[in-house]
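Below: sequence and its predicted model.
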Amino acid sequence: MTMRGIHPTAVVDESTKLAADVSVGAYSVIGAGVEIGAGTQIGAHVVIEGATRIGRNNRIWQFASVGGDPQDKKFGGERSELVIGDDNMIREFTTLNRGTADGGGATRIGNGNWIMAYVHIAHDCQIGNHTVFSNNATLAGHVEIGDYAILSGFAGVHQFCRIGAHAFIGMNCMVNGDVPPFVMMAADYGRPRGINSEGLKRRGFTPERLAAIKRAYRTLYVSKLPLDESRAALAAWASESDDVRMLLEFIERGQRPLAR
């Protein structure tokens, strides 16, 4: 290693901005337009292309591909970027693509996320904080993932879908609609399976909060009411519960059908 922790076999473009204590492993390639914050560790054989901004105290394991061109036929080489926050764990063979002009120009990943091996996060995705992507979870373009959401192994999400905060997507689940906050989805094509009770308890949700969320879930998924009537019921309870209000706001922002 050199003084700054850059292995002599690594190739780092002269325009790259690295904090003083960033380490870069053997045979990694870091291209033009990349910025990496303090405390971040880059493993061996990692490729990072710009424009990419990576925050503090991230760890990127060997063979990850970060900031590559979007897999979009409309992409014509225009400037776009990938923005990664702080304290993320990005494991082997992960692929994280930059955004496109049509999608706002940036793919964004927040803080404290655990992104396991072979995960793919496509162009223009917006990832919150403290999420978990298990091995081989895959996002198409323009997907939004809320805080604390968990995607199990081999889960796949269709383009433009949204996964709400604290949701849980089961193994092999194919998501082709919006999944509201707190909801568990399972089966080949996502079907609701209750709320993520265990996850919420671990995060300190009180029995009162859980009861309000369960009532909202039953109204939305068990009552068999039309969606408009379910929304009206949730609106009546929203003043009593921040969680119900968040769920209702998620539904009202949707452009794709709600996964029901």
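Perfect, thanks for sending it. Everything numeric here is computed off the predicted structure, so don't read it as measured data. Residues are numbered from 1 along each chain as shown.

how about the strands in the stretch 151-260 of the chain?
Secondary structure of the stretch 151-260 of the chain (DSSP state E, counting those that start in this stretch): strands located at 156-157, 162-163, 168-169, 174-175, 183-186, 191-195.

Please save the CA atoms from the longest one in CSV.
What follows is strand 191-195 as a C-alpha-only set of coordinates in CSV (Å, rounded to 0.1, in the frame of the first residue of the first chain):
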residue,chain,number,x,y,z
ARG,A,191,-49.4,-11.1,-2.4
PRO,A,192,-49.9,-9.4,1.0
ARG,A,193,-49.2,-11.6,4.0
GLY,A,194,-50.0,-9.3,7.0
ILE,A,195,-47.7,-6.7,8.5
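
And it, what does it pack against?
Under the contact criterion of 3 or more Cβ pairs under 8 Å, 6 or more residues apart in numbering; DSSP states H and E, strand 191-195 touches strand 183-186, helix 207-217. Any C-beta I mention is one placed from the backbone N, CA and C, and that applies to glycine too.

The same query, at a cut-off of 6 Å, please.
strand 183-186 (3 or more Cβ pairs under 6 Å, 6 or more residues apart in numbering; DSSP states H and E).

Which residue ranges make up the domains of this protein?
Domain assignment for the chain by automatic domain parsing gives 11-142, 201-252.

so how far is the last one off the chain centroid?
This means domain 201-252. Offset of domain 201-252 from its chain centre (Cα atoms, centre = their mean, to the nearest Å): 23 Å.

before we move on, what about stretch 55-73?
That offset, for stretch 55-73, works out to 13 Å (Cα atoms, centre = their mean).

Output it in CSV with nothing but the alpha carbons.
The C-alpha trace of stretch 55-73 is given here as CSV (Å, rounded to 0.1, in the frame of the first residue of the first chain):
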residue,chain,number,x,y,z
GLY,A,55,-19.9,9.3,1.4
ARG,A,56,-18.1,8.3,4.7
ASN,A,57,-17.4,5.0,6.2
ASN,A,58,-18.7,2.8,3.5
ARG,A,59,-17.2,-0.6,2.7
ILE,A,60,-17.3,-1.9,-0.8
TRP,A,61,-16.2,-5.5,-1.2
GLN,A,62,-14.3,-7.1,-4.0
PHE,A,63,-15.7,-7.3,-7.6
ALA,A,64,-18.4,-4.8,-7.1
SER,A,65,-19.3,-2.6,-10.1
VAL,A,66,-20.3,0.9,-8.9
GLY,A,67,-21.5,3.8,-11.1
GLY,A,68,-21.7,2.0,-14.4
ASP,A,69,-23.8,3.3,-17.3
PRO,A,70,-27.5,2.7,-17.0
GLN,A,71,-28.9,-0.3,-18.7
ASP,A,72,-31.4,1.8,-20.7
LYS,A,73,-31.5,1.9,-24.5
